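K.L.:
Below is the sequence, then the predicted model.
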Amino acid sequence: MANILIVDDSQTQVANLLKILEPEGHAIAVAPNGEEGVAKAVAEQPDLILMDVVMPGLNGFQATRKLSRDPATQHIPIILVSTKDQETDRIWGMRQGAKGYLVKPPDPTALLDLIGELLG
């Protein structure tokens, strides 16, 4: 299936996402913060990135903006997966270059549908 990079500082949230993605056959890489997420995205060129927003250091909005503006990574779709559920957060995330925005914990069907839609 797809190579997916999860960027999230919460091991609980990473475990929840793994429970949804691994049975579907996706290969998963994990980065615990925005800086490492950007570095892994550049180095590994995943098919898709699931990005948390609230993280120490480089937050998910900043990391998304960085990746979506870098010619080396701008083709990689990013889905923001966050506890921030205000419409302004969603709009801001999309303006930074995200292709989707889901509130934690994401509905498994909604997450898999969005991944399928973005990866064609």
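P.N.:
Happy to help now that I have it. Numbering: from 1, shown residues only.

K.L.:
Now do the closest residue to M55 other than its chain neighbours against D113, distance only.
P.N.:
With sequence-adjacent residues excluded and distances taken as C-beta to C-beta, 6 or more residues apart in numbering, M55 is closest to D9, at 4.6 Å. Where C-beta positions appear, they are placed from N, C-alpha and C, glycine not excepted. To D113, D9 is 26 Å away according to C-beta to C-beta, to the nearest Å.

K.L.:
ok, which stretches of this protein are strands?
P.N.:
3-7, 27-31, 48-51, 78-82, 100-103 (DSSP state E).

K.L.:
Now tabulate these in TSV and tack on mean neighbour count, distance to F61 and mean pLDDT.
P.N.:
As requested, the strands of the chain are exported to TSV (neighbours: other C-beta atoms under 10 Å; distance: least, C-beta to C-beta, whole Å; pLDDT from 0 to 100):
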stretch	mean neighbour count	distance to F61	mean pLDDT
strand 3-7	23	12	98
strand 27-31	17	16	98
strand 48-51	26	9	98
strand 78-82	26	8	97
strand 100-103	19	11	97
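
K.L.:
how close does the closest residue in space to E44 that isn't next to it in sequence sit to W92?
P.N.:
Leaving aside its sequence neighbours, E44 sits nearest to A29 (C-beta to C-beta, 6+ apart; 6.1 Å). Distance, A29 to W92, by C-beta to C-beta: 26 Å.
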